[in-house]
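*Asks:* sequence and predicted structure are below.
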Amino acid sequence: MKNKNILIIQPASSANMDWTRSLAVGLVLAVFISFINLFLKPFKTAESSTIFVLGYSGCFLASYGLAYFFEYTIFKHLKPIWANRTVAFFITLFLLSDLSIYLYDLMIIKAQPLSWNDFIPFTFRVMLPFGFIVLPMIYIGRTARIAIRQGDEIDATNEVILKGASSGEVLHTTSDKILYARAEDNYCNIFYLNAQGVVNHKLFRIKISDLADQIDCLTRCHRTYAINLENAAHIQASKTKASVQIKWINEIIPVSKSYLHVVNRAE
């Protein structure tokens, strides 16, 4: 079977991000904005020096950094007000960029006194069209990943075959694809990555304690949850409480006090 390079665009999630990737996305977009400003001159900066023109990119980069900081320090506490805290990131990024670029263009480039008379027209005339170009690029940069697969065969060294009570309850995958399991009465909902690398889930009639015994990669962390610590994007733990954020999915898994020692070892 020939090798396949698969580009997967998943729903935006901060779980897909780390600070190095976030910095790379911000820097690439700042260079792109600099190119647009220097050669297309959308802000009518023909008489301004190159250093001042690059200030627009600086405004964007500062706004991007603040929005990313808020996403990881403030927005995660807004749940469930925000179904997806990345939505708050994009709204904050747009508002901060709009405000900072407007003020920079008005007071630095045009050397005019502070005035809000043209702020709304500036937003609709300049920032909204520009946002339709830049924001999707950020979305792709934050969420795209390339999975390299060799054929469709499953690696026998970490193969997982789970069979439930009925004939249709079968899951054939590998341990690295399993994300977590959640107990639902007498059933367990198992979340995993399918062959295309997209998050999927399957319901089995099995107790979560029995499930964790059958699948070595799953570790109990709560009376209703078992997680694969290899797919933990972020672990937030203290002496009295903890939570785990799982890669590829917008889900914060609680950790019971009796299982704190499990996540503390994994940090």
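*Replies:* That came through, no problem.

*Asks:* all strands for the protein, in order.
*Replies:* 3-9, 144-150, 159-163, 170-174, 178-184, 187-193, 199-204, 218-222, 225-228, 232-237, 242-246, 252-255 (DSSP state E).

*Asks:* out of those strands, deepest packed?
*Replies:* strand 225-228 (a mean of 25; mean count of other CB atoms under 10 Å). All C-beta atoms are positioned from the backbone trio N, CA, C, and that covers glycine.

*Asks:* which elements pack onto that one?
*Replies:* Packing contacts for strand 225-228, counted by 3 or more CB pairs under 8 Å, 6 or more residues apart in numbering; DSSP states H and E, involve strand 178-184, helix 208-214, strand 218-222, strand 242-246, strand 252-255.

*Asks:* let me have those in TSV, extended by distance to residue 99 and mean pLDDT.
*Replies:* Converted to TSV, these look like this (distance: least, CB to CB, whole Å; pLDDT from 0 to 100):
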stretch	distance to residue 99	mean pLDDT
strand 178-184	38	91
helix 208-214	48	84
strand 218-222	42	90
strand 242-246	30	85
strand 252-255	31	88
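
*Asks:* can I get these in CSV with distance to residue 262?
*Replies:* Conversion of those to CSV gives the following (distance: least, CB to CB, whole Å):
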stretch, distance to residue 262
strand 178-184, 13
helix 208-214, 11
strand 218-222, 6
strand 242-246, 9
strand 252-255, 8
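
*Asks:* nearest to residue 136, out of these?
*Replies:* Ranking these by proximity to residue 136 (CB to CB) places strand 242-246 first, at 24.4 Å.

*Asks:* give me the residues contacting that closest one.
*Replies:* 14-15, 179-180, 191, 221, 227-229, 231-237, 251-255, 260, 263-264 (CB atoms under 8 Å, 6 or more residues apart in numbering).

*Asks:* apply 7 Å and report the result again.
*Replies:* 15, 179-180, 221, 227, 231-236, 252-255, 260, 263 (CB atoms under 7 Å, 6 or more residues apart in numbering).

*Asks:* check stretch 224-237 too.
*Replies:* 15, 176, 178-183, 208, 211-212, 217-221, 242-247, 253-254, 260, 263-264, 266-267.

*Asks:* where does the stretch 151-267 of the chain have low pLDDT?
*Replies:* Counting by pLDDT under 70, the low-confidence segments of the stretch 151-267 of the chain come to 151-157, 164-168, 264-267.

*Asks:* what about 90?
*Replies:* 151-177, 184-187, 193-217, 219, 221, 229-267 (pLDDT under 90).

*Asks:* rewinding a little: tell me which of the strands of the chain sits nearest to residue 132.
*Replies:* strand 3-9 (17.4 Å).

*Asks:* how distant is stretch 175-193 from the center of its chain?
*Replies:* 21 Å (CA atoms, centre = their mean, to the nearest Å).

*Asks:* alright, I will stop here.
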